[in-house]
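Student: The following comprises the amino acid sequence and a computationally predicted model.
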Amino acid sequence: KARDPTPVEELSPADVFIAVKTTKKYHHTRLDLLLDTWISTNMLQTYVFTDGEDDRLRKRMGSHMINTNCSAAHSRQALSCKMAVEYDTFISSGKKWFCHVDDDNYVNIRPLVKLLLDRPSPRSSGARPVRFWFATGGAGFCVSRGLALKMSPWASGGNFMTTADRIRLPDDCTVGYIIETLLGVGLIRSPLFHSHLENLQLVSPTQIHHQVTLSYGTFDSKRNIINVRGALSLDEDPTSLHCLSECLCAKLSLLCVF
Ligand code: UDP
Ligand code: MN
């Protein structure tokens with residue numbers, strides 16, 4: 001096997017900054033599911049961006065709960081206000097990758113780190129920073145530090161909201177607009193990111209643990225969930241994902257898939 005003279009880029013979970021967008025009314029109904037599963041094992045790299053104080057959440061997450069003081073409305077302005085704070089917090093964190101997910105996403109940190117490692121790193125590839133994107137949003141995306149820094153004139157401080165106001169598009173579209181239109185950088189679409197806007201039954205059960213993000217929801221008032229026979233009933237676990245995650249299963253003394 002030939003030796004590669006260039007030093008191997010190391011990436012560990014600690015280099016990844018995961019921003020979870022939430023809102024006060026979902027702290028119990030959505031965030032608790034995440035805190036009981038993937039966030040609890042990835043507390044050091046996960047930051048929750050919300051819009052109201054919550055003593056219980058503050059005790060659990062400390063400085064990793066960020067009260068953006070943005071409006072709790074589901075308006076375009078309120079959501080881009082949160083994205084602006086996510087961006088600025090990532091820049092100050094010094095971490096190498098900025099990943100954004102919604103509070104109805106499950107994140108698999110191992111395939112995430114593997115995916116980011118397999119991509120040309122911003123340093124070694126010079127002008128080819130990388131971003132992953134799911135066009136409809138709600139599935140998550142990642143931006144390298146190199147690319148995030150180039151976004152600064154349109155994304156830092158109050159600039160993100162100004163940019164979002166100018167194009168009148170939602171927060172995730174604004175990120176895409178800055179990267180593709182203003183910076184001319186192509187987005188890399190990854191099939192490993194999933195939102196509940198796609199048919200989650202189509203994710204093969206044997207491939208679940210290779211996916212970077214998963215989700216759950218309803219479509220036409222029917223459940224849209226990953227096709228896995230959970231050890232819990234759907235009343236106990238509306239996501240079907242709980243028993244794929246180590247810690248809650250440990251709590252319930254169940255056998256885990258991962
Ligand atoms: N959200 C928010 N403020 C709101 C409503 C929603 O910040 O007033 C967040 C929510 O926590 C989630 C994201 O926006 O992270 C998308 O919300 P939701 O999943 O309800 O909508 P959809 O997936 O249908 O766009
Ligand atoms: Mn959603």
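Tutor: That came through, no problem. Ligands and ions are numbered 1, 2, ... in the order given.

Student: Return the residues of the stretch 151-258 of the chain in contact with ligand 1.
Tutor: For the stretch 151-258 of the chain, no residue is in contact with ligand 1 (Cβ under 6 Å from any ligand atom). (Each C-beta comes from the backbone N, C-alpha and C, glycine too.)

Student: any low-confidence regions in this structure?
Tutor: 1-8, 120-137, 229-231, 245-258 (pLDDT under 70).

Student: could you show me where the strands are in it, in order?
Tutor: Secondary structure of the chain by DSSP state E: the strands cover 16-21, 46-50, 65-67, 97-102, 105-107, 131-133, 141-144, 188-189, 213-215, 217-219, 222-224.

Student: I'd like those strands as a markdown table, with mean neighbour count appended.
Tutor: Written out in a markdown table, the entries for the strands of the chain read as follows (neighbours: other Cβ atoms under 10 Å):
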| stretch | mean neighbour count |
| --- | --- |
| strand 16-21 | 24 |
| strand 46-50 | 23 |
| strand 65-67 | 18 |
| strand 97-102 | 24 |
| strand 105-107 | 24 |
| strand 131-133 | 23 |
| strand 141-144 | 25 |
| strand 188-189 | 13 |
| strand 213-215 | 26 |
| strand 217-219 | 13 |
| strand 222-224 | 13 |
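
Student: gap between residue 177 and residue 220?
Tutor: Note on residue 177: its distance to residue 220, by Cβ to Cβ, to the nearest Å, is 31 Å.

Student: quick one, which of the two is more surrounded?
Tutor: When residue 177 and residue 220 are compared for neighbours, residue 177 comes out ahead with 17 against 5, by other Cβ atoms under 10 Å.

Student: OK, contacts around the residue in the stretch 101-250 of the chain that ligand 2 sits nearest to?
Tutor: Proximity to ligand 2, evaluated over the stretch 101-250 of the chain using Cβ to the ion, is greatest for residue 104 at 4.4 Å. When the contact criterion is Cβ atoms under 8 Å, 6 or more residues apart in numbering, the partners of residue 104 are 30, 138, 196, 215-217.

Student: Tell me which stretches of the stretch 1-150 of the chain form helices.
Tutor: In the stretch 1-150 of the chain, the segments counted as helices under DSSP state H, counting those that start in this stretch are 32-35, 55-61, 76-93, 109-118, 145-155.

Student: want to try JSON lines for these, with mean neighbour count as columns?
Tutor: What follows is the helices of the stretch 1-150 of the chain, written out as JSON lines (neighbours: other Cβ under 10 Å):
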{"stretch": "helix 32-35", "mean neighbour count": "20"}
{"stretch": "helix 55-61", "mean neighbour count": "14"}
{"stretch": "helix 76-93", "mean neighbour count": "20"}
{"stretch": "helix 109-118", "mean neighbour count": "17"}
{"stretch": "helix 145-155", "mean neighbour count": "19"}
